[in-house]
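Student: need a structure here:
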Amino acid sequence: MSDLFASAGLDKDLARPLADRMRPQTLGEVVGQDHLVGPDGALTRLLRTGSIGSLIFWGPPGTGKTTVARLLAHETSLHFEQISAIFSGVADLKKVFEAARARRQMGTATLLFVDEIHRFNRAQLDAFLPVMEDGTITLVGATTENPSFELNAALLSRARVLTFQALDEEAIGQLLTRAEAIMARPLPLDDDARAALARMADGDGRAALTLAEELWRSAGEGETFDTAGLVSVIQRRAPIYDKGQEGHYNLISALHKCVRGSDPDAALYYLARMLDGGEDRLFIARRLVRMAVEDIGLADPQALVIANAAKDAYDFLGSPEGELALAQAAVYLATAPKSNALYNAYKASMRAAKEHGSLMPPKTILNAPTKLMKQEGYGADYVYDHDAPDAFSGQDYWPEKLGRQRFYDPVDRGFERDIRKRLEWWDKLRRERG
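Tutor: Numbers count the residues shown, from 1 in each chain. Below is the predicted model of the structure:
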């Protein structure tokens, strides 16, 4: 193999990706995860006890999960075995477990690292339980998805979840400085472009090194890129955003809470994050409609009209022009007066409907299309409200066994302030007219 690289004019080590050549050799070299591998980190404390137990590493790509697992095996003198849930099935697991048992009989324990462990189904995850319990393996699973949702409770009860954080710009900067030492040349970037590169990596150390390697390949002799030159060379890195997974729900939740909290600027930011990540625009539009009815309601009846109009405008215009209509709706909703009175009233009325069964409405307000129904009193003494003073009769519309209820309690904000005054006036007339 060395002859092959030599004949091609390449150094064998230089042919390896920069990120692979820069893998930390000790836990102390891992950047951005001091809460795990620092002097008082969670893994540091576990190593002091001499037993780490089974672990689940949860965090975004490029934060060192695989590297830390490999280093843990070295620190604890365990045989390191790595598989990927994407390419492995139950038959593969059985082979791995059998090899671990044989190794154990020879006096060597096994640390089994399972990348993308959330890709296994429930039956495959259950297969780990007996070999974890009898000590055949120490499991270290890595996942980019929330273990609470993606892994079963039985496995989680036998493993400790440790969270890896996206690398901040300082940690990315440390990696780039190390890369310059290994490459024996500076990055061909000015200061602003260097900071931009750290941001473009989006917390992913591996991505930062891959981008840096691309820059070194692209730069001419003595050439230095500014931010515009950086963007032209590497284009852009797609943001981390999986429409079917946790990031999708995190951002829509953030958008909803910003609208509810009347912060239009934060709402625009999270809307932009979702649009930039390729989120389905009609999904966003549907959620804006939901916000209009859940958090604004009748405090501003136009909110629902605006949200629906934004959906129709996007349908009509498409991207990118229609996205401005979604932004307009988000800002309108965020700046509208807020009320969940209608939302609460709806939930309370549903509870009452379920709890009290099929109560008969008062016969007074029922139609009497047949002679028998008239004889039974259907429609008797009904007062046509338009003929009553103030167009309000004050008659009782509630089932006798239930009695009058109050579900809707409008707030003293926006249009609901006027509704509250109207309801209080009707209550006064109702009392006066008995």
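
Student: residue ranges of the helices in the stretch 301-434 of the chain, please?
Tutor: Ranges of helices in the stretch 301-434 of the chain, per DSSP state H, counting those that start in this stretch, are 302-317, 323-335, 341-356, 371-375, 414-432.

Student: could you give the angle of the longest one to helix 341-356?
Tutor: With axes from the mean of the first three to the mean of the last three Cα atoms, to 10 degrees as the basis, helix 414-432 and helix 341-356 are set at 50 degrees to each other.

Student: Tell me which of the helices of the stretch 301-434 of the chain sits most buried.
Tutor: helix 323-335 (a mean of 20; mean count of other Cβ atoms under 10 Å). Using the backbone N, CA and C atoms, a C-beta is placed for each residue, glycine as well.

Student: Minimum distance to residue 248: which of the helices of the stretch 301-434 of the chain has it?
Tutor: Closest of these to residue 248 is helix 323-335, at 16.2 Å (criterion: Cβ to Cβ).

Student: Remind me what the closest one packs against, helices and strands.
Tutor: helix 246-260, helix 264-276, helix 281-291, helix 302-317 (3 or more Cβ pairs under 8 Å, 6 or more residues apart in numbering; DSSP states H and E).

Student: quick one: contacts for the closest residue to residue 361 other than its chain neighbours?
Tutor: What sits nearest to residue 361 in space, not counting adjacent residues and going by Cβ to Cβ, 6 or more residues apart in numbering, is residue 399, at 6.0 Å. Taking Cβ atoms under 8 Å, 6 or more residues apart in numbering, we find residue 399 in contact with 356, 359-362.

Student: Are any of these buried, and if so which?
Tutor: Neighbour-count burial (16 or more other Cβ atoms under 10 Å) applied to the contacts of residue 399 gives residue 362.

Student: Tell me the one among the contacts of residue 399 nearest to residue 387.
Tutor: Of the contacts of residue 399, the one sitting nearest to residue 387 (Cβ to Cβ) turns out to be residue 362, at 18.8 Å.

Student: how much space between residue 158 and residue 113?
Tutor: To residue 113, residue 158 is 16 Å away according to Cβ to Cβ, to the nearest Å.

Student: Who has more neighbours out of these two?
Tutor: Counted by other Cβ atoms under 10 Å, residue 158 and residue 113 do not tie: residue 113 has more neighbours, with 25 against 15.

Student: just checking, that one is part of a strand?
Tutor: Yes. Under DSSP: H, G, I helix; E, B strand; the rest coil, residue 113 sits within a strand.

Student: related to what we said a few turns ago, out of the helices of the stretch 301-434 of the chain, which gets the lowest mean score?
Tutor: Of all these, mean pLDDT reaches its minimum on helix 371-375 (a mean of 87).

Student: Name the surrounding residues that touch that helix.
Tutor: Applying Cβ under 8 Å, 6+ apart, the set of residues contacting helix 371-375 is 366-368, 379-380.
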